[in-house]
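**Student:** compute the structure for the input listed below.
(chains A, B, C, D, E and F)
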Number of protein chains: 4
Amino acid sequence: MPEEKRANAAKKVAAPRRQARGERRIAQLLEAAAGVFCRSGYAAASTNSIAREAGVSPGTLYQFFPNKEAIAVELGGRLLERANEMHGQAFLPENLDRPLPELLDAVLDPLIEFQCENPAFWALMHGSGVPGITQEHQTLHAGMLARVESVLRSFRPDATPAEVHLTANVILGIFKSSMDLILASEGEERAAYVTELKTVLRRYLEPMVTTPPTTR
Amino acid sequence: MPEEKRANAAKKVAAPRRQARGERRIAQLLEAAAGVFCRSGYAAASTNSIAREAGVSPGTLYQFFPNKEAIAVELGGRLLERANEMHGQAFLPENLDRPLPELLDAVLDPLIEFQCENPAFWALMHGSGVPGITQEHQTLHAGMLARVESVLRSFRPDATPAEVHLTANVILGIFKSSMDLILASEGEERAAYVTELKTVLRRYLEPMVTTPPTTR
Amino acid sequence: MPEEKRANAAKKVAAPRRQARGERRIAQLLEAAAGVFCRSGYAAASTNSIAREAGVSPGTLYQFFPNKEAIAVELGGRLLERANEMHGQAFLPENLDRPLPELLDAVLDPLIEFQCENPAFWALMHGSGVPGITQEHQTLHAGMLARVESVLRSFRPDATPAEVHLTANVILGIFKSSMDLILASEGEERAAYVTELKTVLRRYLEPMVTTPPTTR
Amino acid sequence: MPEEKRANAAKKVAAPRRQARGERRIAQLLEAAAGVFCRSGYAAASTNSIAREAGVSPGTLYQFFPNKEAIAVELGGRLLERANEMHGQAFLPENLDRPLPELLDAVLDPLIEFQCENPAFWALMHGSGVPGITQEHQTLHAGMLARVESVLRSFRPDATPAEVHLTANVILGIFKSSMDLILASEGEERAAYVTELKTVLRRYLEPMVTTPPTTR
DNA sequence: GATGAATGAGGATTCATTCAT
DNA sequence: TATGAATGAATCCTCATTCAT
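**Tutor:** So this is what the prediction gives:
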C-alpha cells in the first residue's frame, strides 16, 4: 500500500510534533491492548481495561480508534507488519529456490520465534476458522494466507487458485495447531514439536513441490 | 392417613409425566443452547437468547440450570458421552488392522461426521475460558490422545512413550485444525478439506508405519 | 372476632377430614415460615424456600395463602394467640389489682419466656416502628398495643386515649429493646437484663398508676 | 517533552474542576440513597431507583460505587462521622455537671435533633444484614456505649464495670426504641415522645445518681 | 388438593461508546 | 487533545405468583 505510506509521510511533514505524540499514544494503546488481549482474549477484553493499562482515559482511546474492533485490527496489522519485516528475507526469491527442508527452516524459524515473542498475535489469531468469525481475525488470517499462497504459487504455477487456497489454509491450520503445542511446551519438548511441525509440512508438501517432470 | 396414601399412589403415576416434561424441556433448552453457542460462542451467547430460541421464558431456563455455565457443562457432557461412543466405534480393532489409508478412512470418517452433526461440540470445547468446560475439554482431549497413542503403539511398538505422546499430540492438532476448516466450509470444499486432512496424516504417518518390506 | 370463630366452627363441622388436613398443611407451612423468617428475616425470605422447608411445592403454599404477606400475618397472629393463651391469666382482673411490681412479674415473666421460645415472633416484630413499615408488622404490633392499652386504661381510667396510646407505645418500645438485650445474652446476664427491664418499667409507671389513696 | 509538562500544568488546574464534579455527584448520589434507604430500607432499595432519584443513569452510579453495599457503607460512614461530632458536643463536660433533668436535655436534644435530620442513619443502621453496615453499626454502638458508660461512672464511681455496662446498654436500648417512635411521628406527637423518653430515663436513673445517703 | 413447571417483570451490574469541559 | 463523567442498552439471574396436569 504505497499510497498510504505516502499519506503518512505527508502527515509527518505537516504536523510533526502532534503526529509524533499521536503515534506514541497509539503505540502505547496497542501495547496495552496486546497485553490485555493476551491475558483475557479479545471478547473478554474491555476497552476501559485497555485504556487503564495504557494509563489513559477511555475517551483518549476513542480519539484514536473508532471502536474496539479497530484496535484489534490495527494491532494485528502492526504485528503482521513487524512479522513481515522481521523475516521478510525468508520470503525472498532466493530462499524459495532452495530445497523444501531448507525453505521450511528459513521461513518457519523466524516465524516461530516471532510468535513466541509476541503471544498477543496468537491470542488475536485464535478462533479464526470458527464460523461466526469476526472481521479482524479474517483480516489477519487473510494476510498470512496471502503470503503462503504467494509462496505456493511460485512453486506450483500450474495449480488453480482454489487448490492454492485450499493448500494454504491447510498449511496455516497445521502451523497454528503446532504453534499451540509449541507455545504450551518448553525446552526440548518445544524443540521436538518444532521439528515435528517441519516434518509434517515437508512430507505434506514434498510430493507437490518436488516436481520431477516425468512423474507428472 | 389413607387420603395421603392414595394421593401418593396417584403421584407415582402422575410424577413421571411431569418429570418427563422436565426432561423434554431440558433437552429442548440444550438443543437451543447448542444452536446459540454454535452461532455466537459461549461468551457472546445470552441466556435470554437461549430461552427465546427454546421458546420459553428466562425463568424456565433457570428452573433447570443454575447458571449459564451449567448449561454449557451439561451440553458438553452429553455430547462428550456421545462422542465417546462414536470414538469407540471408530477405533474398533478391526478398523486398525488395515493399511494406513483405509485405517484413516475408517477412523476419521465417523469422527468427522459426528463433529459435523454436532458443531456445538466444537464451538463449546474451543476456548470458552470457563473452568467446567475446560475440564470437559481436557477429558475429551485426554480420551482422544489415549486412543491415538494406543493405535500408534500398536504400529510402532519400538517407539518410546515420549515419541508416541509427541506424535499423538501432533496428529490431534492436525485433526483439530482441519476440523476448523471442515466445519467452516460446505459441499465440495468441505470434502476437499477432508481429503486433504487424510493426505496430510497419510504422508506424515506413512514413513513411520510402513515397516520394512519384508514384514509387509 | 367472634364471627370468625363461628365461621371456623362451622367449617369444622362441615368437612372435618379435609379441613383437618388443610389445618395440618397450614400449621406445617407456618412452622416452616417461622424458621425461615427467623433465619433470614421477612424480606429476604422467599416463598419458595418456605415451601421447600415445609416439604411442599410452591403451588401448595399458594393454595392456603394468597401471598407472602398473608403468611407473616397469619403466623404473627397465631403466635400472638398462643402468647395470649399461655399467659392469659396474667391479664386477668385479679392480677391487675396487685401492686405494680407483682403485676410486672406476672405479665412479663411468661411473656419473656414465650419470646425466648419463639424467636420467630421477634423476627416478625422487628422494624415495627420504622417509617416505611409493612402492613403485617403493623398488625402484629397493633395486637400487642391493644393489650397494653387495655391494661393501662384499667389503671388510669381518666387518661385520654392519646395518653394511653403514647404510654403503651413507650412501654412496648422499652420491652422490645430489652428483649433484644435479653435474647442476645445468657445466664446471669440475661437475668440481670430481665430485672433491669422490670426496674425501668416500674419506675416509669409507678408515678402513673400509684394514684393517691383518696383518688382510689 | 515540554508539551506534556504544560499539559500537566493545565491539568492541575482543570482536574479539580472534574474532581469537584465527581464529588458533587457522589454527594448527590448519597443524598438520593439516603432518601431511598429511608423510605424503603436497604434491601428493598434498588440501585436504579437511587440513580433515578439522583437524576442520573444507572451506569453513572456504578462509576462511583462498585455495588449497592458500597453506597450504604459510604453513606453510613459519612453519617457516622457527623454523628460522632454531634456526640462530642452533646457529651461536653459542662453538660454533664448538672442535675439529671438538665443533663438529659443537654445530651439528648442534640442527639435527637441529629437523628431527626438524618433519618437515613437510623434506617441504615437498623438490621440491614449487610456486613459492612453491621460493622459500622457496631462502631456506632460501641462509641455511644463508651460515652454513656463514662458518664455513668462519673455519677456512680462505686458501681462495678459490669453494672455500668448493663445500665448503659439498657439506656441505649431505651434511647433507640424511643427514636423509633420519635422518627415515626411528627409535630406534637413527636414532642410528646421526646418528653416521654426523658421521663423514662429520668425515673430510671434518678434513684441511681441522686444519692442522698440517708435514702440509700 | 398437590405438583412442579412456567412466567415475566424487576434488580444488580457491565461496558462500548459519547460528551462536556 | 485529554479527561473522566455520563449514558443506556444488554446481561445474568431471582422470585412472587400462576397454570396445566
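**Student:** what sits up against stretch A:23-41?
**Tutor:** Stretch A:23-41 is contacted from outside by A:45, A:49-51, A:53-56, A:60-61, A:64-65, A:71-72, A:74-75, A:78-79, A:118-120, A:122-124, A:126, B:127, B:129, using C-beta atoms under 8 Å, 6 or more residues apart in numbering or on different chains. Just so you know, the C-beta spots here come from the backbone N, C-alpha and C atoms, and that holds for glycine as well.
**Student:** now do the helices in chain A.
**Tutor:** A:2-14, A:16-44, A:47-54, A:58-64, A:68-86, A:93-96, A:100-117, A:119-125, A:135-155, A:161-184, A:187-209 (DSSP state H).
**Student:** tell me which residues of stretch A:71-89 are tucked away?
**Tutor:** Using 16 or more other C-beta atoms under 10 Å in any protein chain shown as the burial criterion, the residues of stretch A:71-89 that qualify are A:71-76, A:79-80, A:83, A:87.
**Student:** closest to B:Met179 among these?
**Tutor:** Ranked by distance to B:Met179 (C-beta to C-beta), those are led by A:Gly76 at 23.6 Å.
**Student:** for the helices of chain A, which one sits closest to C:Val194?
**Tutor:** Across the helices of chain A, the minimum distance to C:Val194, taken as C-beta to C-beta, is reached by helix A:47-54, at 58.2 Å.
**Student:** list the contacts of the closest one.
**Tutor:** Defining contact as C-beta under 8 Å, 6+ apart, one finds that helix A:47-54 is touched by A:28-29, A:31-33, A:35-36, A:40, A:57-58, A:60-62, A:68, A:71.
**Student:** just give me the least confident of those.
**Tutor:** The lowest pLDDT within those belongs to A:Ser40, with 87.
**Student:** ok, that residue - how many residues close by?
**Tutor:** Neighbours of A:Ser40 under the rule other C-beta atoms under 10 Å in any protein chain shown: 14.
**Student:** coming back round to it: for ChimeraX, write a command that selects the buried ones of the contacts of stretch A:23-41.
**Tutor:** Buried residues within the contacts of stretch A:23-41, by 16+ other C-beta under 10 Å, are selected in ChimeraX with:
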select /A:45,49,50,51,53,54,56,61,64,65,71,72,74,75,79,118,120,122,123,124,126 /B:127
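**Student:** ok, and of the contacts of stretch A:23-41, which contact DNA strand E?
**Tutor:** Applying C-beta under 7 Å from any atom of the strand, the subset of the contacts of stretch A:23-41 adjacent to DNA strand E comprises A:45, A:49, A:61.
**Student:** of these, closest to D:Glu196?
**Tutor:** Distances from D:Glu196 to these, taken by C-beta to C-beta, are shortest for A:Ser49, at 58.0 Å.
**Student:** what sits against the closest residue to A:Val170 other than its chain neighbours?
**Tutor:** Distance criterion C-beta to C-beta, 6 or more residues apart in numbering or on different chains; nearest residue to A:Val170, sequence neighbours excluded, is B:Glu196 at 5.0 Å. Contact analysis of B:Glu196 by C-beta under 8 Å, 6+ apart lists A:166-167, A:170, B:178.
**Student:** give me the most central residue, chain A.
**Tutor:** Centroid check for chain A by C-alpha atoms, centre = their mean gives A:Leu80 as the closest residue, at 4.2 Å.
**Student:** domains in chain A, by residue range?
**Tutor:** Split into domains by automatic domain parsing, chain A comes to A:2-65, A:81-209.
**Student:** please identify the most buried of the ones you listed.
**Tutor:** Most buried of the domains of chain A, by mean neighbour count (mean count of other C-beta atoms under 10 Å in any protein chain shown): domain A:81-209, with a mean of 17.
**Student:** interface residues of chain A facing DNA strand E?
**Tutor:** Counting by C-beta under 7 Å from any atom of the strand, chain A sits next to DNA strand E at A:44-49, A:58-59, A:61-62, A:66-68.
**Student:** try it again with 6 Å
**Tutor:** With the criterion set to C-beta under 6 Å from any atom of the strand, chain A comes near DNA strand E through A:46-48, A:58-59, A:62, A:67-68.
**Student:** show the overlap between those and what lies near DNA strand F.
**Tutor:** A:58-59.
**Student:** so where's chain A shaky on pLDDT?
**Tutor:** In the predicted model, chain A carries pLDDT under 70 at residues A:1-19, A:87-91, A:126-136, A:210-216.
**Student:** mind redoing it with 80?
**Tutor:** Where chain A drops to pLDDT under 80, the residues are A:1-21, A:80, A:83-97, A:125-140, A:143, A:209-216.
**Student:** residue in it nearest to DNA strand F?
**Tutor:** Relative to DNA strand F, the nearest point of chain A is A:Gly59 (1.7 Å; C-beta to the nearest atom of the strand).
**Student:** from D:Arg25, how far off is that residue?
**Tutor:** 17 Å (C-beta to C-beta, to the nearest Å).
**Student:** repeat for A:Ser177
**Tutor:** 51 Å.
**Student:** same question for A:Lys176.
**Tutor:** 48 Å.
**Student:** A:Pro161 too?
**Tutor:** Going from A:Pro161 to D:Arg25 by C-beta to C-beta gives 60 Å.
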